[in-house]
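> quick one: sequence plus predicted model below, questions after.
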Amino acid sequence: MSHFPLHTTDSAPEGARDLLTGARQKLGFVPNLYGHLAEAPAALEAYFDLSALFDKTSFTPAERQVVLLATSVANGCEFCVAAHSMIALKMAGAAAEVVDALRDETSIPDKRLDELAAFTRTVVFQRGWVPEGELDRFLAAGFTKQQAIEVVLGVAMKTLSNYTNHLAGTATNPEFGEFAWSRPKR
């Protein structure tokens, strides 16, 4: 049982109500992540702001989902892996084999996207201390220094949601159910 309430538009603190209402209007439901983030309205607002900023990066929608899924898998966030699997496939135009490889932590057939995922995981696991050779491989794959920093933005956004989900024990919404994912036992 979570120590954190799953807020609705009615129960949320004042600073989060409008954000949850907007999410419901846009999506048709309130993702459970948002309901938990609403406990701290500034955190919910920060997540929305980071999401909007990450959407402005130079990455394509599918590339953004590679960053977000690679981060969520690396952090073992079941909620975000399910949500971003659905977004990647149904909204961002990512190929099923790309999403499957990210979820299974295997090589992506597209070498450029595979390098993006590898670089993202390195940023996560090394806390930004990316070895020079790995940065060189990222750049050699056709990415830019700007995009290296944009990966950090995506990792920051997902770290906020992944850690909140871990802390709150966020259940996966039924809307993401067909994309449910469990962290492999290690």
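That came through fine. Residues are numbered from 1 along each chain as shown.
> distance-wise, check Phe59 relative to Gln65.
Computed as C-beta to C-beta, to the nearest Å, the Phe59 to Gln65 distance reads 9 Å. Yep, even glycine has a C-beta here, placed from its N, CA and C like the rest.
> quick one, which of the two is more surrounded?
Using other C-beta atoms under 10 Å as the criterion, Phe59 and Gln65 rank with Gln65 on top: 26 against 20.
> count the residues that sit near the nearest residue to Ala141 once chain neighbours are set aside.
What sits nearest to Ala141 in space, not counting adjacent residues and going by C-beta to C-beta, 6 or more residues apart in numbering, is Glu115, at 3.9 Å. With neighbours defined by other C-beta under 10 Å, the count for Glu115 comes to 20.
> next, Glu115: phi, psi?
Comment: the main-chain dihedrals of Glu115 come out as phi -70, psi -40, following degrees, to the nearest 10.
> name the helix or strand for the most centrally placed residue in the chain, please.
The central residue of the chain, meaning the one whose C-alpha is nearest the mean C-alpha position (C-alpha atoms, centre = their mean), is Leu68 at 3.6 Å. Leu68 is located in helix 61-74, with elements delineated by DSSP states H and E.
> that helix: what's the following helix or strand?
helix 78-90.
> which strands and helices sit next to that following helix?
Where contact means 3 or more C-beta pairs under 8 Å, 6 or more residues apart in numbering; DSSP states H and E, helix 78-90 is packed against helix 32-37, helix 61-74, helix 96-104, helix 145-168.
> and these: which comes nearest Val124?
helix 61-74 (4.3 Å; C-beta to C-beta).
> where does this structure have low pLDDT?
Across the chain, the ranges flagged by pLDDT under 70 are 1-2, 186.
> tell me the contacts of Tyr34?
For Tyr34, the contact set (C-beta atoms under 8 Å, 6 or more residues apart in numbering) comprises 19-20, 23, 44, 47.
> report how many residues lie close to Gly177.
10.
> quick one, what contacts the nearest residue to it once chain neighbours are set aside?
With sequence-adjacent residues excluded and distances taken as C-beta to C-beta, 6+ apart, Gly177 is closest to Ala82, at 7.5 Å. For Ala82, the contacting residues are 172, 176-177, 179-181, taking C-beta under 8 Å, 6+ apart as the criterion.
> which of those residues are buried?
Neighbour counting over the contacts of Ala82 (16 or more other C-beta atoms under 10 Å) leaves 172, 176, 179, 181 as the buried ones.
> isn't the residue nearest to the centre of the chain up against Thr159?
No - because the distance of 10.8 Å does not satisfy C-beta atoms under 8 Å, Leu68 is recorded as not touching Thr159.
> give me the common contacts of the two.
With contacts taken as C-beta under 8 Å, 6+ apart, not a single residue reaches both Leu68 and Thr159.
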